[in-house]
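Chemist: Sharing a model that was predicted from the sequence below.
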Amino acid sequence: MSAFRLGFDPLRRFAVVVMLMSGLTFVSSSIDHTIASASTAIPTCFNNQLEMAVAWGPGAAAGNVGIPFLIINISKSACALRGYPKLTFIPSSYKKKSIKVIDGGGMIYVQVKPRIVVIRPGASAAFGLNFINAANQQDPNGPACTVQNVYVALPVRTVTLPHYYVGPVNFNFCHSNFRVSVTSIQSGPRPKDG
């Protein structure tokens, strides 16, 4: 009886204690989950975990060409990539004009905001190369303006020295107006097309 007069309600006190304990458990489990997530984050891929290839022939539409590239995880553990590959073409210049590579999208493979892409063992990721093929028609249509190979630097951790993947790619870079665009790395076996 006196407990009610003093403002002391045993049931209310029990309810408050349970709510406080529940709140602490929630905060504690959130902290534990955050710590667990941080400690189990998928690491960035090492270069020796991946293989890269030109996936299939170019796609074309209205004077635009797209070439897809496939990245396969050949290791036994998952790893992650984020961002854009860096491309170097051989040859890449004609009459003091050189190919400019732009991060983004194009008519065939559209721009996708870079995000972390987890590649499980045996799974794949992709990116796309876009360019036009109807500019500078007065320039040669032979070896002087034709790319033979592309060197691709993926955003990976390297085991020793910087590593490049080499792929055969043939296109007339003069007719591309010396510009190509490359998409961000995306999950799955093909880049998003338009």
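Modeler: The structure has been received and is ready for your questions. Numbers count the residues shown, from 1 in each chain.
Chemist: thought residue 172 was touching residue 143?
Modeler: No - using CB atoms under 8 Å as the test, residue 172 is too far from residue 143 to be in contact (10.1 Å). The way it works is simple: take the backbone N, C-alpha and C, and place the C-beta from them, glycine included.
Chemist: neighbour count winner among those two?
Modeler: residue 172 (22 against 8; other CB atoms under 10 Å).
Chemist: Enumerate every residue touching that one.
Modeler: 133, 139, 141, 145, 146, 147 (CB atoms under 8 Å, 6 or more residues apart in numbering).
Chemist: Check residue 134 too.
Modeler: 63, 175.
Chemist: so it sits in a strand?
Modeler: No - assessed with DSSP: H, G, I helix; E, B strand; the rest coil, residue 134 is coil; it does not lie in a strand.
Chemist: With adjacent residues omitted, what lies nearest to residue 140?
Modeler: Once flanking residues are discounted, residue 140 sits nearest to residue 174: 6.8 Å by CB to CB, 6 or more residues apart in numbering.
Chemist: give me the low-pLDDT residue ranges for the protein?
Modeler: For the chain, the stretches with pLDDT under 70 are 1-40, 57-60, 161-162.
Chemist: all helices for this protein, in order.
Modeler: Assigned by DSSP state H, the helices in the chain fall at 2-5, 10-39.
Chemist: Quick one: residues contacting residue 153.
Modeler: 85, 86, 87, 88, 162, 163, 164, 165.
Chemist: Of these, which is the nearest to residue 191?
Modeler: Closest approach to residue 191 among the contacts of residue 153 (CB to CB): residue 85, at 11.2 Å.
Chemist: domain parsing for this structure?
Modeler: 2-39, 47-187 (automatic domain parsing).
Chemist: And those domains: which comes nearest residue 193?
Modeler: Comparing the domains of the chain by CB to CB, domain 47-187 comes nearest, at 5.5 Å.
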